[in-house]
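K.L.:
My questions concern the predicted model and sequence given below.
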Amino acid sequence: MEYINAIELKKKIDLGESVTVIDIRESYELDICKVDSFKHIPMSEVVERTAEFSNDNSVVICCRSGKRAVALANLLIEDQNLRNISVLEGGILAWIEKVDNQLEVY
């Protein structure tokens, strides 16, 4: 499994690279802070919704701190045979710290 840090991800997004960020946090977490360019799919729904993102060049899984994202990425790689999966290192907390400190930390 690969990791991408918040600054590298921001650069890819800004350059218009084909990257889909899947935010697997729960809806109540998005009520606290949300990145509009990230696609929200709750963790419990990701496996059944892989058709929504599996053909993209690059898929980044994001949660609050990265722990849930690692577990889900391993599942997608091992059970769903997806190879274009990486994890946002440090999750939304790292994004807030490195990219957008206007978002609320929780």
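P.N.:
Yes, it's here. Residues are numbered from 1 along each chain as shown.
K.L.:
Doesn't residue 36 lie inside a helix?
P.N.:
No. According to DSSP: H, G, I helix; E, B strand; the rest coil, residue 36 belongs to no helix; its state is coil.
K.L.:
That one: neighbouring residues, count only.
P.N.:
Applying other Cβ atoms under 10 Å, we find 4 residues neighbouring residue 36. Quick note: C-beta positions are derived from backbone N, CA and C, even for glycine.
K.L.:
and it, what pLDDT?
P.N.:
Reported pLDDT at residue 36 in the predicted model: 95.
K.L.:
same deal with residue 17?
P.N.:
Looking at residue 17, its pLDDT reads 93.
K.L.:
pretty sure it is touching residue 60, no?
P.N.:
No. Contact status for residue 17 versus residue 60: not in contact, 10.9 Å apart, counting by Cβ atoms under 8 Å.
K.L.:
So for those two, which residue has more residues nearby?
P.N.:
Neighbours were counted for residue 17 and for residue 60 using other Cβ under 10 Å; residue 60 has more, 27 against 11.
K.L.:
State the phi and psi torsions of that one.
P.N.:
In terms of degrees, to the nearest 10, the main-chain angles of residue 60 are phi -110, psi 130.
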